[in-house]
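1. only geometry, no sequence info:
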């Protein structure tokens, strides 16, 4: 068993290797560029952690972890185009630094490379791994589509929002945990339970993101407070505010979110305060955190083996940035 | 053994089934739209044909054929964005009919669905199938990148052009033939030989495309003669013309291809005529056709089993549209 930091270092040692051929440079340089922007590598590391609940780390686990991280980066490259995002981790996004066609094609090839790594998984396990991987990849596309659809709509319900983030972000955390467990030899029941753990952790994690954007400390997050409000995003906070508002208030909020009023952030935060969104969001995060912790506790695995996973979960949920 | 037409119908009966869920409609409708624009289904059918050289058709062969056709359509959807093509098979391309984000994401999910079908291939065969499929998919991306890179360059040599079309289009034909053979139980040697047959057929096929665009009969092709010239594409004909020209003539041709001169097509065709490009292109097509036919002849399979494949090859190479 290893801590998050130890597994992060082990993963980086493998992942920082040369992934792509040198040529065509115009195709592969943007891939390497994105991978070198770094990242917390939470998904592949949680896959390795989950594997260690059941068995010593082996090549299957690392190949799957690499596939997960490559796939995640492919989705980032394409999402940034769709979201017209100029920056990723403080640096230019691929389509901004290079161009649109490059960002499409380099993303495509990175997606295929994730399947190259998946195909290294042993005979008896490849089908079950591919099955969950494909199903998850499809759900992530569906989630991204819902996210874009929602941006064109006037209102989105809390339930719809939760369904969207569940597809767009949580299922990949769930799948990362489950794949690690399956490759480690977990029973079907235990693997399914761990999937739900990862998914609920993912929900809590995403909600925490929404929360910190409005109620975090900019010294801790390193970002301006209210970035989501400024861009008019329909976060959990906005959907919850809609739920609690009269039709007239709803309309006011929508108009405000779409406006370029210089006091937009202040005004929306005042609405949130009025409606008690701060506490309601904290409660929602706690709700999904509790589900996640309970599921992890229930998992029929030696308690001491769970220690690193519990620590990571606590770290992710208590984070201030 | 079945003829092309019979296998085309069998394939369509399976392929025209419902591929995608109903929701999100915004994600899946564009996928169905593209698939319903039709197509000759050459790649999946040649995969089935090659399979019939060795064995009766089975589920593995059909699943792989479906994966190939879905993958091909995914590349069309993304290539059309990159090439800024307004039309595909006489109808609006996906990014024109819907929008950019849709064409990116629907393409991505269609790619993943091709892996869903691949994952249905039996245990003993999945690794070898995935291996060739991934390698081919990567080469196709590399070919598309080279194609885009070439558009920004002043000159492209014949050798570079052949390398590009080999990656962009021929390897998928080669892989389709080889996958069918491997799933039918062909020996490694025989499967490799058939791969080269498919690849050379693909080269001849693409060169024929270039040829027909300038020297075809618009009544037969249904397209205006000189479309490639009009858009300034660096086809085999242009690269060959460069090869035979003095520096001064090269510059003239380049200037002409980039111009919007109303007599552009006529003038470029006159240059081609002067340099004998018509005959040289016909010879090049014959060269790769002969290689393909010889390889097919060499393949250690009962002659009568090869009949449908020989007929298809003749049909593809003698086509006038």
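-> Cool, got the structure. Treat the numbers as computed from the prediction; the structure is a model and nothing was measured. Residues are numbered from 1 along each chain as shown, chains lettered A, B, ... in the order given.
2. quick one, what contacts the residue nearest in space to the middle of chain A?
-> Residue closest to the average C-alpha location in chain A (C-alpha atoms, centre = their mean): residue A:169, at 4.1 Å. Taking C-beta atoms under 8 Å, 6 or more residues apart in numbering or on different chains, we find residue A:169 in contact with A:143, A:202, A:205-206. Where C-beta positions appear, they are placed from N, C-alpha and C, glycine not excepted.
3. Buried ones among those residues?
-> Taking 16 or more other C-beta atoms under 10 Å in any protein chain shown as the criterion, what is buried in the contacts of residue A:169 is A:143, A:202, A:205-206.
4. Could you list which of these belong to helices?
-> If you go by DSSP state H, these have A:143, A:202, A:205-206 in helices.
5. circling back: what backbone torsions are found at the residue nearest to the centre of chain A?
-> Dihedral pair for residue A:169: phi -130, psi -40, per degrees, to the nearest 10.
6. do the same with residue A:91
-> According to degrees, to the nearest 10, residue A:91 has phi -120, psi 160.
7. where's the closest residue to it other than its chain neighbours, which helix or strand?
-> Leaving aside its sequence neighbours, residue A:91 sits nearest to residue A:37 (C-beta to C-beta, 6 or more residues apart in numbering or on different chains; 5.5 Å). Assessed by DSSP states H and E, residue A:37 sits outside every helix and strand.
8. Taking the contacts of residue A:169, tell me the two that lie furthest apart.
-> Farthest apart among the contacts of residue A:169 by C-beta to C-beta are A:143 and A:205. That separation is 14.4 Å.
9. Quick one: residues contacting residue A:217.
-> Residues near residue A:217 by C-beta under 8 Å, 6+ apart: residue A:320.
10. go on, residue A:76?
-> So residue A:76 contacts A:34, A:88 (C-beta under 8 Å, 6+ apart).
11. Quick one: work out the angle between the strand or helix carrying it and helix B:59-82.
-> Using DSSP H and E, the element containing residue A:76 is helix A:59-82. Put simply, helix A:59-82 runs at 30 degrees to helix B:59-82, going by axes from the mean of the first three to the mean of the last three C-alpha atoms, to 10 degrees.
12. And helix A:59-82, what's buried?
-> A:60-82.
13. cool, stretch A:38-46 as well?
-> Going by neighbour count (16+ other C-beta under 10 Å), the buried part of stretch A:38-46 is A:39, A:41-46.
14. Tell me which stretches of chain A form strands.
-> A:87-88, A:91-92 (DSSP state E).
15. any idea how far the helix or strand of chain A with the lowest mean pLDDT is from the chain center?
-> Ranked by mean pLDDT, DSSP states H and E, the helix or strand of chain A with the weakest confidence is helix A:218-221, at a mean of 80. Relative to its chain's centre, helix A:218-221 lies at 20 Å (C-alpha atoms, centre = their mean, to the nearest Å).
16. Which residues does it contact?
-> Contacts for helix A:218-221 (C-beta under 8 Å, 6+ apart): A:212-213, A:224-225, A:320-321.
17. For the residue lying closest to residue A:293 once chain neighbours are set aside, give me its contacts.
-> Excluding its sequence neighbours, the residue lying closest to residue A:293 (C-beta to C-beta, 6+ apart) is residue A:313, at 6.7 Å. Residue A:313 makes contacts with A:201, A:289, A:292-293, A:296, as judged by C-beta under 8 Å, 6+ apart.
18. Top of those residues by number of neighbours, please.
-> Counting neighbours by other C-beta atoms under 10 Å in any protein chain shown, residue A:201 leads the contacts of residue A:313 with 28 neighbours.
19. out of everything not next to it in sequence, what's closest to it?
-> Using C-beta to C-beta, 6+ apart, the nearest residue to residue A:201 is residue A:292, at 4.3 Å.
20. Look up how far residue A:312 lies from the one you found.
-> Distance check for residue A:292 against residue A:312: by C-beta to C-beta, to the nearest Å, it reads 11 Å.
21. do residue A:298 as well
-> Residue A:298 sits 18 Å away from residue A:312, going by C-beta to C-beta.
22. neighbour count winner among the two?
-> More crowded of residue A:298 and residue A:312, by other C-beta under 10 Å: residue A:312, with 19 against 13.
23. so how many other residues sit close to residue A:113?
-> By other C-beta under 10 Å, 24 other residues sit near residue A:113.
24. how about the residue nearest to residue A:201, what does it touch?
-> Listed by C-beta under 8 Å, 6+ apart, the contact set of residue A:292 reads A:197-198, A:200-201, A:204, A:313.
25. let's see it at 7 Å
-> A:197, A:200-201, A:204, A:313 (C-beta atoms under 7 Å, 6 or more residues apart in numbering or on different chains).
26. per-residue confidence for it?
-> Note on residue A:292: pLDDT of 97.
27. before we move on, the earlier item: is it possible to export the strands of chain A to CSV including mean pLDDT and mean neighbour count?
-> Below are the strands of chain A laid out as CSV (pLDDT from 0 to 100; neighbours: other C-beta atoms under 10 Å in any protein chain shown):
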stretch, mean pLDDT, mean neighbour count
strand A:87-88, 92, 14
strand A:91-92, 95, 15
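28. Let me have those strands in CSV, extended by distance to residue A:276.
-> Putting these into CSV (distance: least, C-beta to C-beta, whole Å) gives the following:
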stretch, distance to residue A:276
strand A:87-88, 33
strand A:91-92, 38
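29. looking at those strands, which is closest to residue B:177?
-> strand A:87-88 (41.1 Å).
30. Give me the contacts around the closest one.
-> Under the contact criterion C-beta under 7 Å, 6+ apart, strand A:87-88 has outside partners A:37, A:76, A:80, A:93.
31. What's the local residue count around the nearest residue in space to the third one that is not next to it in sequence?
-> This means residue A:80. Nearest non-adjacent residue to residue A:80, counting by C-beta to C-beta, 6+ apart: residue A:93, 4.1 Å away. By other C-beta under 10 Å, 23 other residues sit near residue A:93.
32. can you check residue A:283 too?
-> By the measure other C-beta under 10 Å, the count of residues near residue A:283 is 10.
33. What residues does it make contact with?
-> If you count contacts by C-beta under 7 Å, 6+ apart, residue A:283 has none.
34. now it: how far from chain B?
-> When distance is defined by C-beta to the nearest C-beta, to the nearest Å, residue A:283 is 29 Å away from chain B.
35. For residue A:299, give me the backbone phi and psi.
-> Taking degrees, to the nearest 10 as the convention, residue A:299 sits at phi -60, psi 130.
36. Hmm, it is touching residue A:192, no?
-> No: at 10.3 Å, residue A:299 does not count as touching residue A:192 under the criterion of C-beta atoms under 7 Å.
37. Who has more neighbours out of the two?
-> Higher neighbour count among residue A:299 and residue A:192: residue A:299, with 20 against 15, using other C-beta under 10 Å.
38. got a list of what that one touches?
-> By C-beta under 7 Å, 6+ apart, residue A:299 lies in contact with A:190, A:193-194.
39. Up against chain B, what does the stretch 101-250 of chain A have?
-> For the stretch 101-250 of chain A, the residues in contact with chain B (C-beta under 7 Å from any C-beta of the partner chain) are A:101, A:104-105, A:108-109, A:111-112, A:115-116, A:119, A:123, A:126-127, A:130-131, A:134, A:137-138, A:141-142, A:144-146, A:148-149.
40. Give me the buried subset of those residues.
-> The neighbour count (16+ other C-beta under 10 Å) marks A:101, A:104-105, A:108-109, A:111-112, A:115-116, A:119, A:126-127, A:130, A:134, A:137-138, A:141-142, A:144-146, A:148-149 as buried among those.
41. Among these, which lie within helices?
-> A:101, A:104-105, A:108-109, A:111-112, A:115-116, A:126-127, A:130, A:134, A:137-138, A:141-142, A:144-146, A:148-149.
42. And residue A:38, what's its pLDDT?
-> Model confidence at residue A:38, given as pLDDT, is 87.
43. gap between the closest residue to residue A:164 other than its chain neighbours and residue A:39?
-> Spatially, and ignoring its direct neighbours in sequence, residue A:164 is nearest to residue A:146 (4.3 Å; C-beta to C-beta, 6+ apart). Taking C-beta to C-beta as the measure, residue A:146 and residue A:39 are separated by 24 Å.
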